[in-house]
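[1] turn this into a structure:
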Amino acid sequence: MFVENEPEIFITFFLAMIGYAGLTITLLFSLKSKIPVFFWRLITIIIFVHVIMVWTYSYDWQFAHSVRNGYSGFIIFHSALLVILISNMVKDSTTKILIIISYIVVTTGAVGAVFRYSVVEIYRIPVLFFMLTGAGGLLFHYLKKN
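    This next block holds a predicted model:
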């Protein structure tokens with residue numbers, strides 16, 4: 001288990017915020033049809049490091065710790081990572097779909113987390129900002145398309 005004021009925990013969740021911001025930016029670029037591949041791969045590395053740090057500092061590499069708050073969070077957290085990783089290995093058209101899916105999955109988890117866990121409540125405003133920015137971009141894109 002972790003103590004909230006440890007620097008490792010701050011870095012872990014600061015990386016999550018950078019990853020979410022980068023995911024949102026990538027989503028918005030992908031809606032314009034050009035995926036910034038180098039940027040997306042850099043963000044993917046940041047997200048992967050965040051996940052490794054969560055397993056290290058929050059879960060202590062114990063599966064029982066990773067599901068202590070339920071299986072749904074575990075599934076959301078890891079399915080998002082899987083979709084993000086796969087999005088870097090497929091063609092652009094599929095990458096765009098996977099980025100949209102990963103944005104929706106990550107947003108679901110991030111919004112829930114900032115209202116449920118005190119360790120990340122400091123990120124409520126930025127998470128809500130990126131949620132509204134990405135959702136607004138998606139809505140605008142699909143309304144304009146139709």
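[2] what about His65, how many residues nearby?
    Close neighbours of His65, defined as other Cβ atoms under 10 Å, add up to 13. Using the backbone N, CA and C atoms, a C-beta is placed for each residue, glycine as well.
[3] before we move on, what about the one 5 residues further on?
    By the other Cβ under 10 Å criterion, the neighbourhood of Gly70 contains 9 residues.
[4] again, but for Pro126
    Neighbouring residues of Pro126 were enumerated by other Cβ under 10 Å; the total is 14.
[5] now the one 4 residues further on
    Neighbourhood size, Phe130 [other Cβ under 10 Å]: 24.
[6] could you find the closest non-adjacent residue to it?
    Beyond its immediate neighbours in the sequence, the residue positioned closest to Phe130 (Cβ to Cβ, 6 or more residues apart in numbering) is Thr24, lying 4.4 Å away.
[7] from the chain's centre, how far out does stretch 123-141 sit?
    Using Cα atoms, centre = their mean, to the nearest Å, we find the averaged C-alpha position of stretch 123-141 to lie 13 Å away from the chain's own average C-alpha position.
[8] can I get it in PDB, CA atoms only?
    As requested, the backbone C-alpha atoms of stretch 123-141 are provided in PDB (Å, rounded to 0.1, in the frame of the first residue of the first chain):
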ATOM      1  CA  TYR A 123      -6.500  16.200 -10.800                       C
ATOM      2  CA  ARG A 124     -10.300  16.700 -10.900                       C
ATOM      3  CA  ILE A 125     -10.200  20.000 -12.800                       C
ATOM      4  CA  PRO A 126      -7.600  18.900 -15.400                       C
ATOM      5  CA  VAL A 127      -9.400  15.500 -15.900                       C
ATOM      6  CA  LEU A 128     -12.700  17.200 -16.400                       C
ATOM      7  CA  PHE A 129     -11.100  19.700 -18.800                       C
ATOM      8  CA  PHE A 130      -9.600  17.000 -20.900                       C
ATOM      9  CA  MET A 131     -12.800  15.000 -20.700                       C
ATOM     10  CA  LEU A 132     -14.900  17.900 -22.000                       C
ATOM     11  CA  THR A 133     -12.200  18.900 -24.600                       C
ATOM     12  CA  GLY A 134     -12.000  15.400 -26.100                       C
ATOM     13  CA  ALA A 135     -15.800  14.700 -25.900                       C
ATOM     14  CA  GLY A 136     -16.400  18.100 -27.500                       C
ATOM     15  CA  GLY A 137     -13.900  17.300 -30.200                       C
ATOM     16  CA  LEU A 138     -15.600  14.000 -30.900                       C
ATOM     17  CA  LEU A 139     -19.100  15.500 -30.900                       C
ATOM     18  CA  PHE A 140     -18.000  18.300 -33.200                       C
ATOM     19  CA  HIS A 141     -16.300  15.900 -35.500                       C
END
